[in-house]
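Chemist: Please find the sequence and the predicted model below.
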Amino acid sequence: DKPIIVGYEAQLLGALNDPTANKSRLSSVKTLYPVPTVWSSHPLIVLTDQGKRLQQALLDPKVQKIAWERYGFRSATGRDSVPPNFKALGVPTSIDNVIALPGAKAMKRILAGLSQN
């Protein structure tokens, strides 16, 4: 019997590069991606000059490469390869079959249904 854990891809992938993480446990982890899956968007709204600098940094290909390889954060432009330590977990190069998250009204109904059990 093995536990199933649900979380963000980046949480697991970030743990691979965390020196305090239990590497022996991580080596037995395999990832599953539901088909279709949901894509969690994190939009950035720029209101100041400092925000514009942050936006420019986040769009920099070098920064996106670091975010992917060290922290498991896929950018909107995607990555064309998977680091070797991510491949061992079954991480796909791309996630192609994606649906939108349910809207606020549907999410409230889902949460209400779950809280009844």
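Modeler: On my side now, so go ahead. Numbering: from 1, shown residues only.
Chemist: what's the helix or strand bottoming out on mean pLDDT in the chain packed up against?
Modeler: In the chain, no helix or strand scores lower on mean pLDDT, DSSP states H and E than helix 23-26, which sits at a mean of 76. Counting contacts by 3 or more Cβ pairs under 8 Å, 6 or more residues apart in numbering; DSSP states H and E, helix 23-26 packs against helix 9-16. In short, each C-beta sits where N, CA and C put it, glycine included.
Chemist: And the contacts of the least confident helix or strand of the chain?
Modeler: 12, 15-16 (Cβ atoms under 8 Å, 6 or more residues apart in numbering).
Chemist: Show residues contacting stretch 67-78.
Modeler: With contacts defined as Cβ under 8 Å, 6+ apart, stretch 67-78 is touched by 9-14, 16-17, 58, 61, 64, 79, 83, 86, 94-95.
Chemist: So which of those wins on neighbours?
Modeler: Leu13 (24 neighbours; other Cβ atoms under 10 Å).
Chemist: Now for it: which residues touch it?
Modeler: 71-72, 86, 89, 91.
Chemist: and the two most separated of those residues?
Modeler: Pairwise distances across the contacts of Leu13 peak at 14.6 Å for Tyr71 and Leu89 (criterion: Cβ to Cβ).
Chemist: Look at these two and report which has more neighbours.
Modeler: Leu89 (18 against 15).
Chemist: helix or strand for the residue lying closest to the more buried one once chain neighbours are set aside, which one?
Modeler: Once flanking residues are discounted, Leu89 sits nearest to Thr31: 5.1 Å by Cβ to Cβ, 6 or more residues apart in numbering. Under the criterion DSSP states H and E, no helix or strand holds Thr31.
Chemist: what are the ranges of the strands in this protein?
Modeler: Counting by DSSP state E, the chain has strands at residues 37-38, 98-99.
Chemist: Met107 is nearest to which of the ones you listed?
Modeler: strand 37-38 (11.3 Å).
Chemist: chain center to that closest one: distance?
Modeler: 11 Å (Cα atoms, centre = their mean, to the nearest Å).
Chemist: Can you give the contact residues for it?
Modeler: 95, 97-101.
Chemist: could I get those residues as JSON lines with pLDDT?
Modeler: Below are the contacts of strand 37-38 laid out as JSON lines (pLDDT from 0 to 100):
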{"residue": "Ile95", "pLDDT": "84"}
{"residue": "Asn97", "pLDDT": "89"}
{"residue": "Val98", "pLDDT": "88"}
{"residue": "Ile99", "pLDDT": "90"}
{"residue": "Ala100", "pLDDT": "86"}
{"residue": "Leu101", "pLDDT": "86"}
